[in-house]
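*Asks:* Predicted model follows, preceded by the sequence.
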Amino acid sequence: EKQYRFRTIYGFGDGDIFLLGRKNNRFFVSVKNDTIKEMKQRGFSLIELMVAVGILTLINIMIFASYPEFSQKMALKRTSEEVALIARQAQAYALGIKRPVSGGEDYYGFGIHFDKSDSKSLILFADSDSDKIYDDGELFQEFKIGTGDYVSELQACDSDSCQSVGSGGLDVVYPRATTIASISADGDVCGSCSYARVTIQSPRGNEEKNKKHINIWISGQISVE
């Protein structure tokens, strides 16, 4: 059994301050001389052991009780970052002049389509007719949200305010060889819009702490808040 040597560094009355000698981990402890002798003789009592076990049990309960909330927060953060990455992918495809079909001769702009009626998926599409709106037959790749999170709100925003998007969906399109985006709400191009906002929500509730907002600016910036 490892023995520690106590060296008195200050004495006062019936109590002394001792220094527990360790090379790289020194700390001070105030204890009476007779207390040290008693501890050496009797070791841990049953009550002390029960108190220690109780403290450890309480700590474990607190950790496991908060784990589901922590796990869902991390899932929401991961989902929102993945959605932002898909929007960035559309931008990169347009800037890199990617062909929607291998071996094809045509180059198109790329966009991302959101629809609240299908709140667990989003569509990366090639804007083959250059109308800056998602149409049937333009699907390039569909992404499914694999967690319990979902798209709860779509908004088209100008410099002053944001307007909710209805059943027509929200499209953010990057024309070929440019990072400047075009925003379409409910099937109409929004010339005054400066950014689109996509809200991802956790199934835990409607509180703001259970939401993440993805802002896709026409300038090319994409942020998650």
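*Replies:* Ah, there it is.

*Asks:* where exactly do the strands run in the chain?
*Replies:* 6-12, 15-20, 27-31, 109-114, 121-127, 139-144, 150-157, 162-164, 170-174, 182-185, 188-189, 195-201, 211-217, 222-224 (DSSP state E).

*Asks:* how about the fifth one: buried residues?
*Replies:* Applying a neighbour-count criterion of 16 or more other Cβ atoms under 10 Å, one finds 122, 123, 124, 125, 126, 127 buried in strand 121-127. For every residue, glycine as well, the C-beta is placed using N, CA and C.

*Asks:* returning to that earlier point: among the strands of the chain, which comes closest to residue 81?
*Replies:* Closest approach to residue 81 among those (Cβ to Cβ): strand 222-224, 6.1 Å.

*Asks:* Residues contacting stretch 145-157, please?
*Replies:* By Cβ atoms under 8 Å, 6 or more residues apart in numbering, the surrounding residues in contact with stretch 145-157 are 72, 75-76, 78-80, 114, 116, 119-122, 162-165, 169-170, 183, 185, 190, 193-203, 211.

*Asks:* How is this structure divided into domains?
*Replies:* Structural domains annotated on the chain: 6-43, 76-224, as defined by automatic domain parsing.

*Asks:* could those be laid out in TSV, adding distance to residue 59 and mean pLDDT?
*Replies:* Listed next are the domains of the chain as TSV, based on distance: least, Cβ to Cβ, whole Å; pLDDT from 0 to 100:
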stretch	distance to residue 59	mean pLDDT
domain 6-43	22	49
domain 76-224	24	90
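
*Asks:* okay, those domains, which one's buried deepest?
*Replies:* domain 76-224 (a mean of 17; mean count of other Cβ atoms under 10 Å).

*Asks:* Name all residues that make contact with the residue positioned nearest the centre of the chain.
*Replies:* In the chain, the residue lying closest to the centroid (Cα atoms, centre = their mean) is residue 77, at 1.9 Å. Listed by Cβ under 8 Å, 6+ apart, the contact partners of residue 77 are residue 212.

*Asks:* hey, which helix is longest across this protein?
*Replies:* If you go by DSSP state H, the chain has its longest helix at helix 46-95.

*Asks:* how far off strand 150-157 does it point, in degrees?
*Replies:* 50 degrees (axes from the mean of the first three to the mean of the last three Cα atoms, to 10 degrees).

*Asks:* how about the CA coordinates for stretch 187-207, as CSV?
*Replies:* This file holds the C-alpha atoms of stretch 187-207, laid out as CSV (Å, rounded to 0.1, in the frame of the first residue of the first chain):
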residue,chain,number,x,y,z
GLY,A,187,-42.9,28.9,-58.4
ASP,A,188,-42.1,32.5,-58.9
VAL,A,189,-38.6,34.1,-59.1
CYS,A,190,-38.1,36.6,-56.3
GLY,A,191,-36.1,39.5,-57.7
SER,A,192,-36.0,41.4,-54.4
CYS,A,193,-35.0,38.4,-52.2
SER,A,194,-31.5,38.6,-50.7
TYR,A,195,-31.5,35.1,-49.0
ALA,A,196,-33.6,32.0,-48.4
ARG,A,197,-34.1,30.6,-44.9
VAL,A,198,-34.7,26.9,-44.2
THR,A,199,-35.6,25.9,-40.7
ILE,A,200,-34.8,22.4,-39.5
GLN,A,201,-36.6,21.3,-36.4
SER,A,202,-36.1,18.6,-33.9
PRO,A,203,-39.0,16.3,-32.8
ARG,A,204,-38.5,17.5,-29.2
GLY,A,205,-40.8,20.5,-29.7
ASN,A,206,-41.4,23.9,-31.2
GLU,A,207,-39.1,25.8,-28.9
